[in-house]
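**Student:** what's the 3D shape of this:
(chains A and B)
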Amino acid sequence: MMVPLDPAGKPTSQRRIAEGDTVVVYERHDAMRAVAVRAGGVLQNRFGVFRHDDWLGRPFGSKVYSSAAGGGGRGGGKAGGGFVHLLAPTPELWTLVLSHRTQILYIADISLVVSYLELVPGCVVLESGTGSGSLTTSLARSVAPHGRVHTFDFHEQRAASAREDFERNGLSSLITVNVRDIQGEGFPEEHRGAADAVFLDLPQPWLAIPSVSLMLKQDGVLCSFSPCIEQVQRACEAMRSCFTDIRTFEILLRTYEVRDGALNNATVNEDATVGPRPQKRKKNTSSGENLDCIQKTSVLVRPASTAKGHTGYLTFARLRV
Amino acid sequence: MDAPPPQPPSPAITREAWDGCSVLLDINDGDRLAFFRLTPAATVKIGNKTFSLQPLVGRPFGSLFRVGADGLVPCTAADASSLRDDNTRDGADGQVQDETRDNRSLVDNNTAQNLSSDDIEAMKRDGATGDEIVEALIANSTTFGKKTAFSQEKYKLKKQKKYAPKVLLRRPTARRFMRFDTLSLLLSMANVGPYSDVLVVDMVGGLVAGAVAERLGGTGYVCSTYLGKAPSSIDIIRLYNLSGDMTSRIVQAPLSELQNFGNTPSVPNDSSQGGVTEPIVVSAEDTQLTLAGQGDTSVSDEKPKLSTEQPIDMEVSEPLLEEHVQDETSSLDSKGNDGSSITSKSVKHGKAPSPEKMTYWKEHGFSRFLNPGFVNTRQVLPSRSHPHMQMNAFGGYILSGTRIHNADAVIANK
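**Tutor:** The predicted model follows:
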């Protein structure tokens, strides 16, 4: 259950892993995957063989060990020493593990969209297209428990896959997935004047904008995501007739690499010459122990050498009152 | 703790300003942004005149007002179209590609305008409207016709702001208060959603606590914790139009008290460490709600004070409150009563975290450390699209981690 629908489902509950749950298996910081837990199920990775049965009844966040060495041999090692962590899925983790059927939106864009659309519990939001459902999941969390996300994609198979994902993550009561060509047909009449916010990720968003202006409540907010500035330009032109406060943003994140390391050269303290060697000597002087602990390793941080330089432009606009 | 079920769906957002509500006024398209409370006595000062805010009551958020003879009056559709974002449209549409004019014949010697300030004063005395004055200024400018369409629009807008100011009625929402990209990331990465119990260390006047309460929508709890005896102020909460349901979900408790419940694993002696905390469930018993009364009018002061005469770029003026962000950390965490923790997310924001904090996180959870590199606003116009000159270049650091289950406790249980 990714988004709680009642107090019992709150993230701070003591719920244990049960059959049918989706868990995010954390292998390494750059290797995570979503796994549906089932009796008799087996997960095999480079760290070994993991039996789902061993996971049942454990709290989320548990560290579990492999029952046999992994196929690759590396890391798994002797007598199943490999381990993984089992995390409770959140919309943020889901974005990192979902299967990419399309290009997806990532955390920085997603969080900006949710805030700028001013979504709060109870809101109704329209989205097109659904794509891989990365943003949809976060939209659902922001409007839960009584709000609603109506998402539309013209690709039938993709819509079906997204629907299955939402079902598996317990989001069905918050999200309806529909097959519809929004650029061609606009949003359905039934949502006229009922949407607090609309999100568009379409190749030709300007075609859908007249329909959006009918769907939104007064002062409602529209967001259009486009990778190319030419798309943004045409969308902005279409917005000017009914919308105000048109703003285009680009948001980029800088991530940092954090690791333990020693700054050998920089230190003036000879005691700090790293490694296990000096430890014996240290034991003699108990007063030095504290110092040793601090000096032995440092946390090194530096900006990651590669980063996303562009995802897309986010254009926001409010329906003119 | 079981939260009572939330009220059946009423409209999630009230879309008209009501008597006594908090509003954000956007004066002259972002030149000045100020919070007000719509009390009968509330006024706004524009230029050298003071206007009552009563005409705003009952009007939909998003409404535009102009200065009329008897105070603020709603703009008609015609008024509005002469001003808003689309004002660059006529000038910019199509023509731009064929624009042959440039600034070769403009000489900056202050002789272009034939109207003197006395003439303008005389017009005002005769009851000319702001728009009429702007028209007169254009008619008496010898250089106006030589300007490019784009720069003509800029000229018109500048004069309109001075002689015919417009006031836009805005709903105060969380994103209006601080660097919204940073705030958005904090809320996302902390997995703030319905029924969450969120612990917040908020040293920015309750800004983060209020934003969390808005996201909780009257479910779960947000506990603003603090060091020492005096609760940190959460006065800003009054500026969010939170419903009674939502404010009832905000509590305050000192960190020392929270830590006394249950056995806690050793933490680095870092005062702002929010990683070890007890469920809000417990703390709710003996916390006092220090929220001031809803009807308090003292908030009608203009919070972010900007000069009226000096136009300031939107991107500079919007995140005003961020200046007060000094060492603000927000975190969410939880622990079971038996001292074994379950997964939950914790997010911190502010100055670069200390190595101790980093180490702690490496040992107790998985972390991601990032900062919103930049948010760039763009001007998008046909043939004139480019990034704005001013951008938010730094949004602070955000350290986020997922708390893992305490390994020792697992072994002990076996």
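**Student:** tell me the phi and psi of the closest residue to A:Pro4 other than its chain neighbours?
**Tutor:** Excluding its sequence neighbours, the residue lying closest to A:Pro4 (C-beta to C-beta, 6 or more residues apart in numbering or on different chains) is B:Tyr195, at 4.4 Å. In short, each C-beta sits where N, CA and C put it, glycine included. Dihedral angles of B:Tyr195 (phi, psi; degrees, to the nearest 10) stand at phi 70, psi 10.
**Student:** Counting neighbours, what do you get for B:Tyr195?
**Tutor:** Neighbourhood size, B:Tyr195 [other C-beta atoms under 10 Å in any protein chain shown]: 26.
**Student:** wait, it sits on A:Met1?
**Tutor:** No: using C-beta atoms under 8 Å, B:Tyr195 makes no contact with A:Met1, being 10.8 Å away.
**Student:** which residues do those two both contact?
**Tutor:** A:Gly9 (C-beta atoms under 8 Å, 6 or more residues apart in numbering or on different chains).
**Student:** hmm, back to that, the residue nearest to A:Pro4 and B:Ala69: what is the separation?
**Tutor:** As judged by C-beta to C-beta, to the nearest Å, B:Tyr195 and B:Ala69 stand 53 Å apart.
**Student:** which of the residues in the longest helix seen in chain B are buried?
**Tutor:** Longest helix in chain B, counting residues (DSSP state H): helix B:149-163. Buried positions in helix B:149-163, judged by neighbour count with 16 or more other C-beta atoms under 10 Å in any protein chain shown: B:149-153, B:155-157, B:159-163.
**Student:** can you narrow those residues to ones near chain A?
**Tutor:** Counting by C-beta under 8 Å from any C-beta of the partner chain, nothing from those sits close to chain A.
**Student:** Let me have those in TSV, adding pLDDT as columns.
**Tutor:** Formatted as TSV, those follow (pLDDT from 0 to 100):
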residue	pLDDT
B:Ala149	83
B:Phe150	83
B:Ser151	85
B:Gln152	87
B:Glu153	86
B:Tyr155	87
B:Lys156	87
B:Leu157	87
B:Lys159	87
B:Gln160	85
B:Lys161	85
B:Lys162	84
B:Tyr163	86
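**Student:** and which of the residues you listed is nearest to B:Pro387?
**Tutor:** Relative to B:Pro387, the closest of the buried residues of helix B:149-163 is B:Phe150; by C-beta to C-beta it sits at 16.9 Å.
**Student:** shouldn't the closest one be in contact with B:Gln379?
**Tutor:** No: because the distance of 10.6 Å does not satisfy C-beta under 8 Å, B:Phe150 is recorded as not touching B:Gln379.
**Student:** can you count the residues close to whatever residue of the stretch 151-300 of chain B ends up closest to chain A?
**Tutor:** Taking C-beta to the nearest C-beta as the measure, the stretch 151-300 of chain B has B:Gly217 as its residue closest to chain A, at 2.8 Å. Look at B:Gly217: counted by other C-beta under 10 Å, it has 28 neighbours.
**Student:** what stretches of the stretch 201-321 of chain A score poorly on pLDDT?
**Tutor:** A:263-296 (pLDDT under 70).
**Student:** Repeat that for the stretch 301-414 of chain B.
**Tutor:** Looking at the stretch 301-414 of chain B by pLDDT under 70, you get B:301-374, B:406-414.
**Student:** quick one: the strands in the stretch 1-150 of chain A?
**Tutor:** For the stretch 1-150 of chain A, the strands defined by DSSP state E, counting those that start in this stretch occupy A:22-28, A:31-36, A:42-45, A:48-51, A:63-65, A:83-87, A:124-128, A:148-153.
**Student:** same for the shortest one, what does it pack against?
**Tutor:** In terms of contacts (3 or more C-beta pairs under 8 Å, 6 or more residues apart in numbering or on different chains; DSSP states H and E), strand A:63-65 is packed against strand A:83-87.
**Student:** Domain-wise, how is chain A divided?
**Tutor:** Split into domains by automatic domain parsing, chain A comes to A:12-89, A:92-250+A:311-319, A:256-303.
**Student:** okay, now A:Met239: neighbour count?
**Tutor:** 28.
**Student:** for the nearest residue to it once chain neighbours are set aside, phi and psi?
**Tutor:** What sits nearest to A:Met239 in space, not counting adjacent residues and going by C-beta to C-beta, 6+ apart, is A:Ala317, at 4.8 Å. Main-chain torsions, A:Ala317, degrees, to the nearest 10: phi -150, psi 150.
**Student:** Return the residues in contact with A:Ala317.
**Tutor:** A:221-222, A:239, A:243-247.
**Student:** what's across from it in the sheet?
**Tutor:** Here A:Ala317 sits in beta bridges with A:Leu222, as judged by DSSP bridges.
**Student:** Quick check: the gap between it and A:Ser298.
**Tutor:** Counting by C-beta to C-beta - A:Ala317 and A:Ser298 are separated by 48 Å.
**Student:** Same check on B:Met246?
**Tutor:** Look at B:Met246 and A:Ser298: by C-beta to C-beta, they are 44 Å apart.
**Student:** So the two - more neighbours on which side?
**Tutor:** Shown here are B:Met246 and A:Ser298; by other C-beta under 10 Å, B:Met246 has more neighbours (23 against 18).
**Student:** In this structure the more buried one contacts B:Glu214, no?
**Tutor:** Yes: counting by C-beta under 8 Å, B:Met246 touches B:Glu214, with 6.8 Å between them.
**Student:** Mutual contacts of these two, please.
**Tutor:** Contacts common to B:Met246 and B:Glu214, judged by C-beta under 8 Å, 6+ apart, are absent.
**Student:** Which stretches in the stretch 1-150 of chain B count as strands?
**Tutor:** Using DSSP E, counting those that start in this stretch, strands in the stretch 1-150 of chain B cover B:22-27, B:32-37, B:43-46, B:49-52, B:64-68, B:71-74.
**Student:** Is it possible to get CSV of these that adds mean neighbour count?
**Tutor:** Output for the strands of the stretch 1-150 of chain B, formatted as CSV (neighbours: other C-beta atoms under 10 Å in any protein chain shown):
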stretch, mean neighbour count
strand B:22-27, 21
strand B:32-37, 22
strand B:43-46, 16
strand B:49-52, 14
strand B:64-68, 20
strand B:71-74, 17
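**Student:** would you list those in TSV and tack on mean pLDDT and distance to chain A?
**Tutor:** What follows is these, written out as TSV (pLDDT from 0 to 100; distance: least, C-beta to the nearest C-beta, whole Å):
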stretch	mean pLDDT	distance to chain A
strand B:22-27	92	9
strand B:32-37	90	13
strand B:43-46	91	19
strand B:49-52	92	20
strand B:64-68	88	8
strand B:71-74	89	9
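**Student:** Tabulate the ones you listed (JSON lines), appending distance to B:Leu199.
**Tutor:** Formatted as JSON lines, these follow (distance: least, C-beta to C-beta, whole Å):
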{"stretch": "strand B:22-27", "distance to B:Leu199": "26"}
{"stretch": "strand B:32-37", "distance to B:Leu199": "27"}
{"stretch": "strand B:43-46", "distance to B:Leu199": "38"}
{"stretch": "strand B:49-52", "distance to B:Leu199": "42"}
{"stretch": "strand B:64-68", "distance to B:Leu199": "41"}
{"stretch": "strand B:71-74", "distance to B:Leu199": "43"}
